[in-house]
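[1] Pasted the sequence and its predicted model underneath.
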Amino acid sequence: SQQGEEDPQALSIQEGENATMNCSYKTSINNLQWYRQNSGRGLVHLILIRSNEREKHSGRLRVTLDTSKKSSSLLITASRAADTASYFCATDASNAGGTSYGKLTFGQGTILTVHP
Amino acid sequence: NAGVTQTPKFRVLKTGQSMTLLCAQDMNHEYMYWYRQDPGMGLRLIHYSVGEGTTAKGEVPDGYNVSRLKKQNFLLGLESAAPSQTSVYFCASSRQARRETQYFGPGTRLLVL
């Protein structure tokens, strides 16, 4: 079953605008990761936020994590046409013994289209 | 470094045929994973390996087998392909498991008729 639920499913904006994508999950996690997938390509890691972190930045990306609400958001500022892609959140949850084998559970993704 | 590579890139099978997908990584990573991606969905974990000679089941393992005889290679086998296995298959690797980035291959598109 898909742990992550992403919202919106699709987002269309103009270049220069900000894009915000949200992810909700169901169980406790070790960390949450965001990946980008260009059409027909593999996934590229964007950012990882640990369960004890609340906010993280990387260039034009800002990720927040609210473990009490079991949700995360990805903000892309000053978007560019090259940001057009699908964006996925993935959660890494430990098993009952607390061991993580890096088994990621992905959401269904948000399709972002940035118009020049 | 090539990173994570997958062969073949595309394959068409008839129902009941078998095939093996090869994943290779040159980053000396311990952990390797096989995922499948179906239209409009995220990736789902099929099998994974925590080191050479080890394999374990993921979320959707039925109909697949895997082997990790060498640290750099992770093979995914379909013994008797079914149309429900039509998908895009991605391999990934990571240095460790906890709090680690996974590096993905370019994917293999499989069509089962």
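    On my side now, so go ahead.

[2] so what pLDDT did the residue of chain B at minimum distance from chain A get?
    Relative to chain A, the nearest point of chain B is residue B:42 (3.1 Å; C-beta to the nearest C-beta). (C-beta placed from N, C-alpha, C; glycine too.) pLDDT, residue B:42: 84.

[3] And for residue B:100?
    Listed pLDDT for residue B:100 reads 78.

[4] Quick check: chain neighbours aside, which residue is closest to it?
    residue B:94 (4.3 Å; C-beta to C-beta, 6 or more residues apart in numbering or on different chains).

[5] tell me the contacts of whichever residue of chain A sits closest to chain B?
    Closest to chain B within chain A is residue A:106: 3.1 Å, counting by C-beta to the nearest C-beta. For residue A:106, the contact set (C-beta atoms under 8 Å, 6 or more residues apart in numbering or on different chains) comprises A:2, A:4, A:35, A:88, A:89, A:90, B:35, B:42, B:43, B:44.

[6] what number of residues lie near residue 107?
    Here I'm looking at chain A. 26 (other C-beta atoms under 10 Å in any protein chain shown).

[7] Chain B is the one I meant
    By other C-beta under 10 Å, the residues close to residue B:107 number 22.

[8] Tell me the predicted confidence for it.
    96.

[9] how near is it to residue A:32?
    23 Å (C-beta to C-beta, to the nearest Å).

[10] Output the set of residues of chain A in proximity to chain B.
    Residues of chain A lying near chain B by C-beta under 8 Å from any C-beta of the partner chain: A:1-2, A:4, A:30-31, A:33, A:35, A:40-45, A:48, A:50, A:88, A:90, A:92, A:100-109.

[11] In the strand or helix carrying residue B:35, which of the residues would be classed as buried?
    Taking DSSP states H and E as the criterion, residue B:35 maps to strand B:31-37. Applying a neighbour-count criterion of 16 or more other C-beta atoms under 10 Å in any protein chain shown, one finds B:31, B:32, B:33, B:34, B:35, B:36, B:37 buried in strand B:31-37.

[12] what do you get for stretch A:40-57?
    A:42, A:43, A:45, A:46, A:47, A:48, A:49, A:51, A:56.

[13] Could you do stretch B:13-22 as well?
    With burial defined by 16+ other C-beta under 10 Å, the residues of stretch B:13-22 counted as buried are B:13, B:19, B:21.

[14] Mind listing the strands the lowest-mean-pLDDT helix or strand in chain A pairs with, and their directions?
    Lowest mean confidence among the helices and strands of chain A (mean pLDDT, DSSP states H and E): strand A:5-7, at a mean of 86. In the sheet, strand A:5-7 lines up against strand A:19-24 (antiparallel) (DSSP bridges).

[15] Spit out the contact partners of the residue nearest in space to the middle of chain B.
    The residue lying closest to the centre of chain B (C-alpha atoms, centre = their mean) is residue B:34, at 3.0 Å. By C-beta under 8 Å, 6+ apart, the residues touching residue B:34 are B:21, B:23, B:45-48, B:58, B:64, B:66, B:74, B:76, B:89-91.

[16] cool, residue A:66 as well?
    A:54, A:72.

[17] and it, backbone torsions?
    phi -120, psi 100 (degrees, to the nearest 10).

[18] cool, and residue A:81?
    The phi/psi pair for residue A:81 (degrees, to the nearest 10) reads phi -60, psi -30.

[19] if I read this right, residue B:15 contacts residue B:83, doesn't it?
    Yes: look at residue B:15 against residue B:83 with C-beta atoms under 8 Å: they come within range, at 6.3 Å.
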